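Peer 1: Sequence first, then the predicted structure:
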Amino acid sequence: MKVWERVVEARLRKVVEICEQQYGFMPRKSTTDAIFALRILMEKYRDGQKELHCVFVDLEKAYDRVPREELWYCMRKSGVAEKYVRVVQDMYERSRTVVRCAVGQTEEFNVEVGLHQGSALSPFLFAIVMDQLSEEVRQESPWTMMFADDIVICSESREQVEENLERWRFALERRGMKVSHSKTEYMCVNEREGSGTVRLQGEEVKKVQEFKYLGSTVQSNGECGKEVKKRVQAGWNGWRKVSGVLCDQKISARIKGKVYRTVVRPAMLYGLETVSLRKRQESELEVAELKMLRFSLGVTRLDRIRNEYIRGTAHVGRLGDKVREARLRWFGHVQRRDRRIWYEHFRLSVHDELFSLRQANQAIHDYTLHFRPLAASSGWNEVALLYAYRRSLNPKIRQQMAIYDDSMGLELFVLKAQHISQCLFMVSIEKRTPSDTSSSCSSPAPKPVQTDQYHLSANVISTKGYACTVEKMTISSKSAQPVLHAQRENPL
């Protein structure tokens, strides 16, 4: 029967095109795609210091509640030929089941609603139903993402996400599906004080700071400490399941290492290619792994055996290297995709160019002209724009601007950066064209019109033995030239 279901599924996939928002049971898509899309969306909004509202919707008994008539209707609407509709109807005709309990089995009874559990065809049939049900309410990815019956709705405002949630509820319930109020949760990224909560049919949706999405824990503050602890815990759970094999002294270390790489390590590495790990968190994972390997090989730290020998005996590489391999493998997967609309969306919607923009060797005026239109169209607040401008400056200018905090405002910060760039340029000219030994540097003007002060620590040492130290730089309204104080030093 399963072979026949696989054949029917392969033929249906050639005819039916599922929307890009559906990640469940689709070719070249996995849970990692959905987790990555959600994480990077939250990361970009944190960097831009903007609010992002996410509602995680769960359906009650989704597979068991699909009406059969609704299934036939969705198949026909998706363009499935009538002969294949009749084939699927034959599979569901006269379906009966029993319930096994402690005292025996019940009598057989008919099942007239829902999809078959354990069927190879059911996941794709459910995807067809969800594709048709959400046709009028879903938004483009990543604002709406579906993995089978797990739905994520994102928006920039609480009112908008609440409105979208109500539209989803109405669209699902009119077709026989039901939203689980107890399992539906709401999370806000970069929450400002008094942002409020989301309501569904007048009932307040549970508000959380973290959510386990497709097996990976996402936190509203962007940290991944709890996800690392979950991975360590999952690794220990997998190790306990096969501890009878790993702790058996009759089994060779090579076989133990193979069992460990097959059962335990995948549980620890799940979803980590989408997480930015710190050195401390990577070390935490490796410490847990080495502890498992030492238990498996029957040695302790008191035996004073080096970690390299433990790994070499079990033929297990460093976990940090495996995480980097997973990231490269994920990068290749993204590059090979035929359609990368969801990936390109991040670059266009949150202006990833602001983060990759660098002044480098450009004149600061040219760089500022390039920065301003991007900043105007980004929608970010002034603090985020000032941070993006500061971090993209030339390192020499950024070092001198470190004395100014973010409270001065973006426009004044840009003006000061331009003034410092001009002063550094003049100092570099003086360095390239040293004066004669008989001449001296210009004396300070009697009372220049001072516009600003910069405390620079640049020493310009000429080949003649002079050292011009810029102790305090003032700009005259007439010459706009820096005033240098020169002193005689011993020749180098």
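Peer 2: Alright, I've got the coordinates. Numbers count the residues shown, from 1 in each chain.
Peer 1: CA only for contacts and neighbour counts going forward, please
Peer 2: Noted.
Peer 1: And the pLDDT at Glu163?
Peer 2: With respect to pLDDT, Glu163 scores 93.
Peer 1: do Ser442 as well
Peer 2: So Ser442 comes in at 52 (pLDDT).
Peer 1: Please work out the average pLDDT along the longest helix anywhere in the chain.
Peer 2: Secondary structure of the chain per DSSP state H: the longest helix is helix 410-432. Mean per-residue pLDDT for helix 410-432: 83.
Peer 1: With stretch 179-193 instead?
Peer 2: Averaged across stretch 179-193, the pLDDT comes to 89.
Peer 1: again with stretch 91-107
Peer 2: When pLDDT is averaged along stretch 91-107, the result is 87.
Peer 1: could you dump it to PDB, C-alpha only?
Peer 2: Below are the C-alpha coordinates for stretch 91-107, written out as PDB (Å, rounded to 0.1, in the frame of the first residue of the first chain):
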ATOM      1  CA  MET A  91      -8.100   4.800  -0.500                       C
ATOM      2  CA  TYR A  92     -10.400   6.500   2.000                       C
ATOM      3  CA  GLU A  93     -13.500   4.600   1.200                       C
ATOM      4  CA  ARG A  94     -14.800   2.200   3.900                       C
ATOM      5  CA  SER A  95     -11.800   3.000   6.200                       C
ATOM      6  CA  ARG A  96     -12.300   1.400   9.600                       C
ATOM      7  CA  THR A  97     -10.300   1.300  12.800                       C
ATOM      8  CA  VAL A  98     -10.200  -0.100  16.300                       C
ATOM      9  CA  VAL A  99      -9.000   1.200  19.700                       C
ATOM     10  CA  ARG A 100      -6.600  -0.900  21.700                       C
ATOM     11  CA  CYS A 101      -6.800  -0.500  25.500                       C
ATOM     12  CA  ALA A 102      -5.800  -2.300  28.700                       C
ATOM     13  CA  VAL A 103      -8.700  -4.700  28.600                       C
ATOM     14  CA  GLY A 104      -8.500  -5.500  24.900                       C
ATOM     15  CA  GLN A 105      -9.800  -4.000  21.600                       C
ATOM     16  CA  THR A 106     -13.000  -2.200  20.800                       C
ATOM     17  CA  GLU A 107     -15.200  -3.200  17.900                       C
END
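Peer 1: Can you list the neighbours in contact with it?
Peer 2: Glu108, Phe109, Asn110, Val111, Glu112 (C-alpha atoms under 8 Å, 6 or more residues apart in numbering).
Peer 1: ok, of the residues you listed, which come out buried?
Peer 2: Among the contacts of stretch 91-107, the ones that count as buried by 16 or more other C-alpha atoms under 10 Å are Val111.
Peer 1: quick one: which of the contacts of stretch 91-107 is nearest to Gly312?
Peer 2: Val111 (55.6 Å; C-alpha to C-alpha).
Peer 1: got a list of what that closest one touches?
Peer 2: Val111 sits next to Arg94, Ser95, Arg96, Thr97 when contact means C-alpha under 8 Å, 6+ apart.
Peer 1: need the helices for the stretch 1-150 of the chain, in chain order.
Peer 2: 2-15, 31-47, 68-77, 82-92, 122-133 (DSSP state H, counting those that start in this stretch).
Peer 1: mean pLDDT for these: which is lowest?
Peer 2: helix 31-47 (a mean of 89).
Peer 1: you'd agree Arg65 is up against Gly176?
Peer 2: Yes. Between Arg65 and Gly176 a contact is recorded at 6.7 Å, counting by C-alpha atoms under 8 Å.
Peer 1: Please report the distance of Ile151 from Phe371.
Peer 2: The gap separating Ile151 from Phe371 is 37 Å, by C-alpha to C-alpha, to the nearest Å.
Peer 1: same question but for Arg304, I mixed them up
Peer 2: 57 Å.
Peer 1: So between these two, which is more surrounded?
Peer 2: Neighbour totals were compared for Arg304 and Phe371, and Phe371 leads with 20 against 8 (other C-alpha atoms under 10 Å).
Peer 1: Would you pull up how far the helix or strand encompassing the more buried one lies from the middle of the chain?
Peer 2: Phe371 is part of helix 364-378, with elements assigned from DSSP states H and E. The chain centre lies 26 Å from the centre of helix 364-378; the measure is C-alpha atoms, centre = their mean, to the nearest Å.
Peer 1: re the thing from before, mind checking which of Arg65 and Gly176 has more residues around it?
Peer 2: A side-by-side neighbour count of Arg65 and Gly176, using other C-alpha under 10 Å, places Arg65 first with 16 against 12.
Peer 1: Number of residues surrounding the closest residue to the more buried one other than its chain neighbours?
Peer 2: On the basis of C-alpha to C-alpha, 6 or more residues apart in numbering, the spatially nearest residue to Arg65 that is not a chain neighbour turns out to be Gly114, at 4.9 Å. Applying other C-alpha under 10 Å, we find 18 residues neighbouring Gly114.
Peer 1: dump the residue contacts of Gly114.
Peer 2: Neighbouring residues of Gly114 by C-alpha under 8 Å, 6+ apart: Tyr63, Asp64, Arg65, Val66, Pro67, Arg68.
Peer 1: rerun that using 10 Å as the cut-off
Peer 2: By C-alpha atoms under 10 Å, 6 or more residues apart in numbering, Gly114 lies in contact with Lys61, Ala62, Tyr63, Asp64, Arg65, Val66, Pro67, Arg68, Leu71, Tyr92, Ser122, Phe126.
Peer 1: And Ile255, by the same measure?
Peer 2: By C-alpha under 10 Å, 6+ apart, Ile255 lies in contact with Val245, Leu246, Arg261, Ala314, His315.
Peer 1: now it: how far from Glu382?
Peer 2: Look at Ile255 and Glu382: by C-alpha to C-alpha, they are 58 Å apart.
Peer 1: try Arg167
Peer 2: Going from Arg167 to Glu382 by C-alpha to C-alpha gives 34 Å.
Peer 1: Gly235 too?
Peer 2: According to C-alpha to C-alpha, Gly235 stands 44 Å off from Glu382.
Peer 1: If you count neighbours, what's buried in stretch 412-430?
Peer 2: 413-414, 416-424, 427, 430.
Peer 1: quick revisit: could you single out the nearest of the contacts of Val111 to Glu163?
Peer 2: Glu163 has its nearest neighbour among these in Ser95, at 39.4 Å by C-alpha to C-alpha.
Peer 1: Give me the distance between the closest one and Gly202.
Peer 2: Ser95 sits at a distance of 39 Å from Gly202 (criterion: C-alpha to C-alpha).
Peer 1: Packing partners of the one helix or strand Glu162 maps to?
Peer 2: Element membership for Glu162, per DSSP H and E: helix 158-173. Where contact means 3 or more C-alpha pairs under 10 Å, 6 or more residues apart in numbering; DSSP states H and E, helix 158-173 is packed against strand 52-58, helix 122-133, strand 150-155, strand 185-189, strand 199-200.
Peer 1: ok, then the element right after the last one?
Peer 2: Spelled out, that is strand 199-200. Using DSSP H and E, the first helix or strand after strand 199-200 is strand 203-204.
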